[in-house]
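Chemist: Test case, fold it:
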Amino acid sequence: MIFLFLFGCCVEDIVGRVNYTLMYLAGGIIAAFSYIAFSPTHFSSDIPMGGASGAISACLGMYLFLRADADIEFKYFYILFFAVDGGEFEIPAWIAIVFWFLRDVIGMAMSAFMGTQGGVAHGAHVGGLIAGCAMIGVYKLMIRLKKKDEEVPESPFASLRVQPQPAMAIAQPVVEEIATIYIAQDGQQSGPYTTSQVQAMVRLGSIGQDALYWSEGMTDWQSINEFIG
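Modeler: Next up is the predicted model:
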């Protein structure tokens with residue numbers, strides 16, 4: 001009952017009262033069938049099997065899967081020449097529970113192969129603890145699946161990926177040319193023209209090789225050949 005109080009209360013706080021009650025009862029039933037499976041000679045005994053230790057063992061299995069890293073505090077005392085002294089120490093829960101489990105495994109093996117009962121249903125303890133671990137495993141899996149279902153579904157378009165487009169040439173801004181060039185040819189002067197206009201007239205032959213040009217900032221007229229070059 002001390003084990004039930006220490007471990008059962010903690011498990012109930014974590015999984016809830018309803019879940020804990022169902023797991024406790026299921027652990028006791030599985031523990032009873034485990035004892036029957038591991039101790040077939042009990043049918044020939046006049047002593048009935050009863051008790052809650054199998055269900056309490058399931059509580060230990062549940063605690064093991066929920067709080068394996070928790071520390072369990074042990075207290076001890078001793079009497080030496082009429083002097084009473086004691087102390088306390090802590091060990092991880094998984095060490096204490098596994099040690100207790102292995103002790104029952106040895107007791108179950110001795111009951112099965114040597115026929116020693118001792119009034120303790122070791123098989124029920126082993127089956128109950130394994131059942132507790134399994135039920136918490138299922139409990140955690142159900143919580144994980146529930147959280148996954150509650151997540152916002154991903155958009156059906158989420159798998160679509162925007163394909164990178166080829167780089168496009170960036171249009172350069174058009175620089176407006178200022179007409180500052182004058183042309184002198186055959187004694188006639190014309191203008192002003194832009195640089196592009198002069199180049200086009202040269203290509204078309206509208207301006208001969210003997211023509212002269214002048215632009216703002218120049219001190220004198222220059223040959224059109226220098227402008228083309």
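
Chemist: Moving C-terminal from the longest helix along the chain, which element do we reach first?
Modeler: Of all segments of type helix in the chain, defined using DSSP state H, the longest is helix 122-150. Moving toward the C-terminus from helix 122-150, the next helix or strand (DSSP states H and E) is strand 181-185.

Chemist: So which bits of that following strand are buried?
Modeler: Neighbour-count burial for strand 181-185 flags Ile181, Tyr182, Ile183, Ala184 (criterion: 16 or more other CB atoms under 10 Å). Using the backbone N, CA and C atoms, a C-beta is placed for each residue, glycine as well.

Chemist: and the second one, how far is that from Thr195?
Modeler: Read it as Tyr182. Look at Tyr182 and Thr195: by CB to CB, to the nearest Å, they are 13 Å apart.

Chemist: what does the last one give?
Modeler: In this structure, Ala184 and Thr195 are separated by 17 Å, where distance is defined by CB to CB.

Chemist: circling back: from the buried residues of strand 181-185, which is closest to Tyr63?
Modeler: Closest approach between the buried residues of strand 181-185 and Tyr63, by CB to CB: Ile181, at 97.4 Å.

Chemist: For that closest one, which residues are in contact?
Modeler: Contacts for Ile181 (CB atoms under 8 Å, 6 or more residues apart in numbering) come out as Gly191, Pro192, Tyr193, Thr194, Thr195, Gln197, Val198, Tyr213, Trp214, Ser215, Phe227.

Chemist: try Trp221
Modeler: By CB under 8 Å, 6+ apart, Trp221 lies in contact with Ala184, Leu212, Tyr213, Trp214.

Chemist: Report the rounded mean pLDDT for the helix or strand hosting Ile79.
Modeler: In this assignment (DSSP H and E), Ile79 forms part of strand 71-80. Averaged over strand 71-80, pLDDT sits at 86.
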